[in-house]
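>>> how would this look folded up:
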Amino acid sequence: QFVWVTIALCLLNTAYTLVNIPYNSLTPELTDDFNERTSLNGFRFGFAVFGTMLGAGAVLPIVGLFPNKAAGFSGMGLVLGIVMAVTALITVFSVKEPDHSKTEIPKDGFFETYLSVFKNKPYVILLLTYALNLAGLNFMQGIIAYYFNYIYHNEGMATIAMLMLLVVAMVFIPVSVLISKKLGKKRTYQLSFVFIASAAILIFLFGHTLGIRFFLVVMAWAGIGIGLGYVSPWAMVPDTVEYDAVKTGKRKEGAFYGIWTFMAKVGTSFAIIVSGMVLNLGGYVANAIQSASSIMAIRLIIGIFPAIVLIGAIVLVEFYPIDEKAYAKILEEKEKLAAKG
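Numbers count the residues shown, from 1 in each chain. Sure, this is the predicted structure:
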């Protein structure tokens, strides 16, 4: 059963990647307008968060429709699999790409294509920032259940905390689009890190003494940051792709989004590995009364570690050079090249 489940999970993740990379690569194809890319991703992630909540809430009701849990989870997989297939096909048949008949088809080899994306300085800065972003979030989200279980002795409230986080985040996704038009994508992204990092520090300093209500308020505060940070990186990636296309004369959206997806997994994995190591060093023992050192390990993982990582992200993304004026120059150069060619 373990082997079967492992293979099934690998196939599911492979299928998800096969859908996700070309889906993400459509963003720079659909519009080259600096602000419209932000609006486009605002709608996208608003529906994504809503879909995440809807999917999470639908699992147990669907399972309950069947005579036993084994049949229920199989049925749930079938239902959600059909939903995933249908919604992906809606995109396939309804979204129209620009005409690429006059675009040069890249003839570079596999490794040359993927290694070339690292020559794009704005992209590399954004890529590393996004990896730090996901690492910070996964430090916090991955340890919340432990925090509620061993510090508050109320593991069930962890679900409420996560729900509050998502609801507030969903509300602030459209707000982030408006802020981005005023402050720019980079500043909006940095602002999101400020909210989340400050929330992490507050939890570390006061969460264990001020109780669950305080924690929930701070989670709402963090939710503002997550909402502000959903759209910005995905609206910035197409700008770096455009920069590369003008600079090299070749379009490689798939390569850029492929490396983007890979680094997202690296950032997530980094947080998981480090969290496990810190818990182990702290003397954590599952389903037992925790020592003072293991409690401190949990507090560090939810508070100090994400704060450090996200402050690093604030500093790193400051070097990202493409603002609205710089992007306008990129489009001017693109038009000149099109006129010549």
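>>> Show me the shaky parts of the stretch 1-150 of the chain.
100-106 (pLDDT under 70).
>>> Quick check: next helix or strand after the top helix by length along the chain?
Under DSSP state H, the helix in the chain containing the largest number of residues is helix 208-248. Downstream of helix 208-248, the first helix or strand assigned by DSSP states H and E is helix 253-281.
>>> What is that following helix packed up against?
helix 2-30, helix 110-116, helix 121-150, helix 208-248, helix 292-299, helix 305-317 (3 or more Cβ pairs under 8 Å, 6 or more residues apart in numbering; DSSP states H and E). Quick note: C-beta positions are derived from backbone N, CA and C, even for glycine.
>>> Turn these into TSV, columns for mean neighbour count.
Converted to TSV, the helices and strands packed on helix 253-281 look like this (neighbours: other Cβ atoms under 10 Å):
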stretch	mean neighbour count
helix 2-30	13
helix 110-116	13
helix 121-150	22
helix 208-248	21
helix 292-299	18
helix 305-317	22
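>>> between those, which gets nearest to residue 197?
Among those, helix 305-317 comes nearest to residue 197, with 4.1 Å by Cβ to Cβ.
>>> Return the angle between stretch directions for that closest one and helix 121-150.
Interaxial angle, helix 305-317 versus helix 121-150 (axes from the mean of the first three to the mean of the last three Cα atoms, to 10 degrees): 170 degrees.
>>> which secondary structure elements does the helix or strand that helix 305-317 is followed by contact?
Next helix or strand after helix 305-317 toward the C-terminus (DSSP H and E): helix 324-340. Under the contact criterion of 3+ Cβ pairs under 8 Å, 6+ apart, helix 324-340 touches helix 34-64, helix 208-248.
>>> Of all the ones you listed, which one comes closest to residue 5?
Nearest of the helices and strands packed on helix 324-340 (Cβ to Cβ): helix 34-64, 16.8 Å.
>>> How far does that closest one sit from its chain's centre?
13 Å (Cα atoms, centre = their mean, to the nearest Å).
>>> Identify each buried residue in it, please.
34-35, 37-42, 44-46, 49, 62-63 (16 or more other Cβ atoms under 10 Å).
>>> what angle do that helix and helix 2-30 make?
150 degrees.
>>> what's helix 34-64 packed up against?
Helix 34-64 packs on helix 2-30, helix 69-94, helix 157-183, helix 208-248, helix 324-340, going by 3+ Cβ pairs under 8 Å, 6+ apart.
>>> Make JSON lines out of those and add distance to residue 120.
Shown next, in JSON lines, are those (distance: least, Cβ to Cβ, whole Å):
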{"stretch": "helix 2-30", "distance to residue 120": "13"}
{"stretch": "helix 69-94", "distance to residue 120": "27"}
{"stretch": "helix 157-183", "distance to residue 120": "22"}
{"stretch": "helix 208-248", "distance to residue 120": "5"}
{"stretch": "helix 324-340", "distance to residue 120": "12"}
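>>> any idea how far residue 95 lies from residue 15?
According to Cβ to Cβ, to the nearest Å, residue 95 stands 19 Å off from residue 15.
>>> now swap in residue 99 and tell me
From residue 99 to residue 15 the distance is 29 Å (Cβ to Cβ).
>>> quick one: the longest helix of the chain to chain centroid distance?
8 Å.
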